[in-house]
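1. output the structure for:
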Amino acid sequence: MDTIASLFSFITWPVSWVIVQFHKLYGAIFGDDTGWAWGLSIVSLVVLIRICLIPLFVKQIKSTRNMQVLQPKMKAIQERYKSDKQRQSEEMMKLYKETGTNPLSSCLPILAQSPFFFALYHVLSAIASGKTIGVIDQPLLDSARKAHIFGAPLAAKFMDSASDVSALGASLLDVRVVTAVMIVMMSASQFFTQRQLMTKNVDLTVKTPYMQQQKMLMYIFPLIFAVMGINFPVGVLVYWLTTNVWTMGQQMYVINQNPTPGSKAQDHYLGRLLKSVTAHGEVRGRTKRNTVKRIVSKGSDRNDIERKFITGLAKLGFAAQEDGTVIKSDTALAESEGGAAQRRQQPKRQTKAQRQTGAAQQTGAKDSDSTESGSKTSLEKPDASQDDKPKPAGKPASGSSRQAKSGQRKGPQRPKHPSKK
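-> All right, here's what the predicted structure looks like:
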């Protein structure tokens with residue numbers, strides 16, 4: 001670790017200068033030799049660095065979302081050109097170029113922080129060794145060596161021996177307890193940050209290997225921090241714990257205000273937005289109007305959560321406009337009620353057993369109907385055939401049409417002429 005930190009020695013002077021400036025401010029409040037003055041100086045250094053890295057953090061979020069959206073297409077390219085690795089790489093680069101996605105953007109904040117992290121480690125190692133570094137002269141060095149955070153010196157490590165710790169004016173037990181607690185908190189904050197990203201801000205409708213990789217990192221990163229943390233000075237643990245807490249809060253804000261489409265966070269966000277429109281009768285805030293504007297512009301490409309939001313507005317009598325605002329619309333309300341009535345009129349879905357029972361009953365009814373019709377046909381057919389045959393005339397009628405003999409015409413007969421009797 002010391003060898004790696006020495007590679008970033010060129011940045012130790014600016015890092016030490018920033019720490020000293022903050023130390024002057026906090027030293028006037030808490031005292032020059034206190035752990036609060038030096039500890040808060042390190043925390044302020046983290047905050048300053050993370051504020052400067054906000055543009056990179058925004059790029060990281062966009063890159064992560066684009067990678068999630070592109071996973072199905074990337075998987076299709078891998079399967080299509082699995083025997084041609086060169087063509088596979090070319091198609092991947094073409095896809096990245098068309099969508100404006102940079103896979104390395106997700107690592108930019110960590111890469112940008114690394115020089116400051118190792119420079120701070122180099123500064124604290126020099127303080128532990130009793131060497132001046134950067135703008136930290138001998139008086140500041142003596143003040144820093146006296147500073148303790150909850151009984152642990154700023155430059156002490158978990159793996160230090162009892163003699164090294166006693167040289168800094170502390171006990172080994174205090175150092176071990178404080179560093180162990182800080183390592184656990186550092187690993188837990190890293191785990192919670194990754195878990196929050198996976199459970200709330202991921203499109204659950206897309207199942208890709210990328211999600212499996214992120215789940216693995218959720219458990220691997222905390223273990224890496226725990227193993228490496230035993231070799232970090234207390235001041236570096238303060239730095240890394242602060243940056244993890246900052247990342248967790250920053251990510252929580254982004255998830256609540258600009259969630260990934262199709263995620264649980266988007267469902268919660270649009271639910272809150274719908275309540276706000278119900279209470280105020282309008283979309284308040286430019287960010288919220290931009291959200292509604294994006295949903296309207298998608299048209300038929302909206303996901304289930306966004307369609308649910310548009311339907312919720314229609315039930316309240318509102319129609320979303322292209323500029324992100326909403327207006328009162330009786331047409332939207334009528335269409336919503338008509339769609340609901342149509343859904344209510346749809347027959348209830350039957351189970352498989354009910355469908356089989358109904359089919360058997362219909363088959364039995366058809367068989368009985370065919371049997372009855374067959375019997376009626378067999379009984380009525382002879383009469384019908386006799387009625388249809390031509391009846392020869394010439395024989396006297398005797399009685400009604402039912403008693404007429406074969407060959408005589410049925411019905412009333414014409415009286416014969418007297419001469420033919």
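
2. you'd agree M218 is up against T193?
-> No. Contact criterion Cβ atoms under 8 Å: M218 and T193 do not qualify, at 9.1 Å. Backbone N, C-alpha and C define where each C-beta goes, glycine included.

3. can you pull out the strands in the stretch 1-150 of the chain?
-> 148-149 (DSSP state E, counting those that start in this stretch).

4. all helices for it, in order.
-> 2-7, 12-30, 35-52, 54-80, 85-99, 108-129, 138-146 (DSSP state H, counting those that start in this stretch).

5. can you say which of those helices is nearest to T179?
-> Closest to T179 of the helices of the stretch 1-150 of the chain, according to Cβ to Cβ: helix 108-129, at 13.0 Å.

6. which residues belonging to the closest one are considered buried?
-> Neighbour-count burial for helix 108-129, with 16 or more other Cβ atoms under 10 Å as criterion, is recorded at 108-109, 113, 115-128.

7. report the inter-axis angle for that helix versus helix 12-30.
-> 70 degrees (axes from the mean of the first three to the mean of the last three Cα atoms, to 10 degrees).

8. quick revisit: which of the helices of the stretch 1-150 of the chain sits closest to I224?
-> Ranking the helices of the stretch 1-150 of the chain by proximity to I224 (Cβ to Cβ) places helix 108-129 first, at 12.1 Å.

9. so for the closest one, what's the average pLDDT?
-> Across helix 108-129, pLDDT averages out at 80.

10. how about stretch 140-156?
-> So the average pLDDT for stretch 140-156 ends up being 88.

11. go through that stretch and flag the buried ones.
-> 140-141, 143-149, 152-156.

12. stretch 30-37 too?
-> 32, 34-35, 37.

13. most widely separated two among the residues you listed?
-> Pairwise distances among the buried residues of stretch 30-37 were taken by Cβ to Cβ; the largest, 11.4 Å, belongs to D32 and G35.

14. residues touching the nearest residue to D32 once chain neighbours are set aside, list them.
-> Nearest residue to D32, sequence neighbours excluded (Cβ to Cβ, 6 or more residues apart in numbering): S143, at 5.2 Å. Residues in contact with S143 (Cβ atoms under 8 Å, 6 or more residues apart in numbering) are 32-33, 38.

15. now with 10 Å?
-> S143 makes contact with 23, 27, 31-34, 37-38, 127, 136, according to Cβ atoms under 10 Å, 6 or more residues apart in numbering.

16. and M228, by the same measure?
-> The contact partners of M228, by Cβ under 10 Å, 6+ apart, come to 1, 183, 186, 236, 240.

17. and what of Y219?
-> 191, 194-195.

18. the same query, at a cut-off of 7 Å, please.
-> Under the criterion of Cβ atoms under 7 Å, 6 or more residues apart in numbering, Y219 has no contact partners.

19. please report the distance of it from A226.
-> Per Cβ to Cβ, to the nearest Å, Y219 is found 11 Å from A226.

20. alpha carbons only: can I get stretch 255-262 in CSV?
-> Extracted C-alpha coordinates of stretch 255-262, given in CSV (Å, rounded to 0.1, in the frame of the first residue of the first chain):
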residue,chain,number,x,y,z
ILE,A,255,-33.4,7.3,-6.8
ASN,A,256,-36.2,9.3,-5.2
GLN,A,257,-36.1,12.2,-7.7
ASN,A,258,-35.0,10.5,-11.0
PRO,A,259,-35.6,6.8,-10.8
THR,A,260,-34.9,4.2,-13.4
PRO,A,261,-37.9,3.5,-15.7
GLY,A,262,-39.6,0.2,-14.8
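
21. the contacts of M228, buried ones only, as a PyMOL selection?
-> Selecting only the buried entries of these in PyMOL, with 16+ other Cβ under 10 Å as the criterion:
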select buried, resi 183+186+236+240
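
22. widest-spaced pair of the contacts of M228?
-> Based on Cβ to Cβ, the longest span within these runs between M1 and M186 and measures 15.9 Å.

23. point out where the stretch 1-150 of the chain drops to low pLDDT.
-> Residues of the stretch 1-150 of the chain that meet the criterion pLDDT under 70 lie in 1-9, 68-69, 71, 103-107.

24. same question but for the stretch 301-421 of the chain, I mixed them up
-> Scanning the stretch 301-421 of the chain with the threshold set as pLDDT under 70 gives 330-354, 356, 358-421.

25. just the helices in the stretch 251-400 of the chain please.
-> For the stretch 251-400 of the chain, applying DSSP H, counting those that start in this stretch gives helices covering 264-280, 286-298, 304-315, 330-345, 352-388.

26. distance from the chain centre to the second one, please.
-> Looking back up the chat, that one is helix 286-298. Taking Cα atoms, centre = their mean, to the nearest Å, one finds helix 286-298 lying 18 Å from the centre of the chain it belongs to.

27. which secondary structure elements does it contact?
-> helix 304-315, strand 318-320 (3 or more Cβ pairs under 7 Å, 6 or more residues apart in numbering; DSSP states H and E).

28. which positions within that helix qualify as buried?
-> 288-289, 291-293, 295-296.

29. tabulate these in JSON lines, adding columns for distance to K75 and pLDDT.
-> Output for the buried residues of helix 286-298, formatted as JSON lines (distance: Cβ to Cβ, whole Å; pLDDT from 0 to 100):
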{"residue": "K288", "distance to K75": "34", "pLDDT": "89"}
{"residue": "R289", "distance to K75": "36", "pLDDT": "90"}
{"residue": "T291", "distance to K75": "29", "pLDDT": "88"}
{"residue": "V292", "distance to K75": "32", "pLDDT": "90"}
{"residue": "K293", "distance to K75": "31", "pLDDT": "90"}
{"residue": "I295", "distance to K75": "27", "pLDDT": "89"}
{"residue": "V296", "distance to K75": "31", "pLDDT": "91"}
